[in-house]
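Q: quick one: sequence plus predicted model below, questions after.
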Amino acid sequence: MSIFDSFCAFDCETSGFLPRGRILELGLVVFENGRSVYEWSQLFCPEGVDWTSDDVKSALAVNHITREMLEGKPTFNQVVPDLLLEFEHDLWVAHNASFDLGMLNSEFLRYGRQAPAPALSCCTMQLSSYLNNVQGHKLAQVAERYGVKPDGAHRAVADAAACGAVFHEMTKSGKLPDSLAEMQELTRKADHAWKTRSRGRRPGDHS
């Protein structure tokens, strides 16, 4: 049995970057043996967002989420019990995982809760950079490189599905070790390499 047989790909759409950014939408796609078998998504209406802020307006212009779409939606805290069930997977995958994990941790901490943690989290952005000596590691560019055709962009489930499909193609390339310890070491190396090469990268390059 491979560690890649089952994993959870996820994506957060937000009102901006930390420390003020909040999660507006969370999407999750479960992959079993390379196939998408389950999707879950939720819009949130967070408290205390300055909707007139230029940073917030800029973020909404990218993800096309409007304040009206969030009216009547639950807060993150109200959905935590569901989230804990949805994230019961040993392997999590995201594109620019440090951003999405940071947003998740921030929301859990805001309500005095402990965020769940997988045995292994993988970042398709960092892995793409580490495994391929090419330029361009936004999700659309990486998806094209691995022959994945995204169904939409900058909405949580669509981006999570594309990310998961990319990761599956990476596992088929023969460049990823099929053991937890070796994958943990590879992700550490990819993280270090990315941070070393990308100090001048703009924050918006995560998507």
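A: Done, it's in.
Q: export stretch 125-133 to PDB, keeping only CA atoms.
A: Taking C-alpha atoms only, stretch 125-133 is exported to PDB below (Å, rounded to 0.1, in the frame of the first residue of the first chain):
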ATOM      1  CA  MET A 125       4.300  24.700  -5.800                       C
ATOM      2  CA  GLN A 126       7.500  23.900  -3.900                       C
ATOM      3  CA  LEU A 127       7.700  20.400  -5.300                       C
ATOM      4  CA  SER A 128       7.300  21.700  -8.900                       C
ATOM      5  CA  SER A 129      10.100  24.100  -8.300                       C
ATOM      6  CA  TYR A 130      12.300  21.500  -6.700                       C
ATOM      7  CA  LEU A 131      11.700  18.800  -9.300                       C
ATOM      8  CA  ASN A 132      11.700  20.900 -12.500                       C
ATOM      9  CA  ASN A 133      14.400  23.200 -13.600                       C
END
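Q: can you start the count at 47 instead of 1 from here on
A: Done: numbering now begins at 47, and the last item shifts to stretch 171-179.
Q: next one: it to chain centre, how far?
A: With Cα atoms, centre = their mean, to the nearest Å as the basis, stretch 171-179 stands 16 Å off its chain's centre.
Q: next, the buried residues of that stretch.
A: In terms of neighbour count (16 or more other Cβ atoms under 10 Å), stretch 171-179 has its buried residues at 171, 172, 173, 174, 175, 176, 178. Where you see a C-beta, it was placed from the backbone N, CA and C, and this is true even at glycine.
Q: from residue 124, how far out is the third one?
A: Same thing as residue 173. 34 Å (Cβ to Cβ, to the nearest Å).
Q: where does pLDDT dip in this protein?
A: Along the chain, the model assigns pLDDT under 70 to residues 244-253.
Q: helix, strand, or coil at the residue of it positioned farthest from its centre?
A: Most distant from the centre of the chain: residue 98, at 26.1 Å, with distances by Cα atoms, centre = their mean. Following DSSP: H, G, I helix; E, B strand; the rest coil, residue 98 is assigned to coil.
Q: go on, residue 223?
A: Recorded secondary structure, residue 223: coil (three-state DSSP).
Q: burial check on it, number of neighbours?
A: 13 (other Cβ atoms under 10 Å).
Q: and it, what does it touch?
A: By Cβ atoms under 8 Å, 6 or more residues apart in numbering, the contact set of residue 223 is 229, 232.
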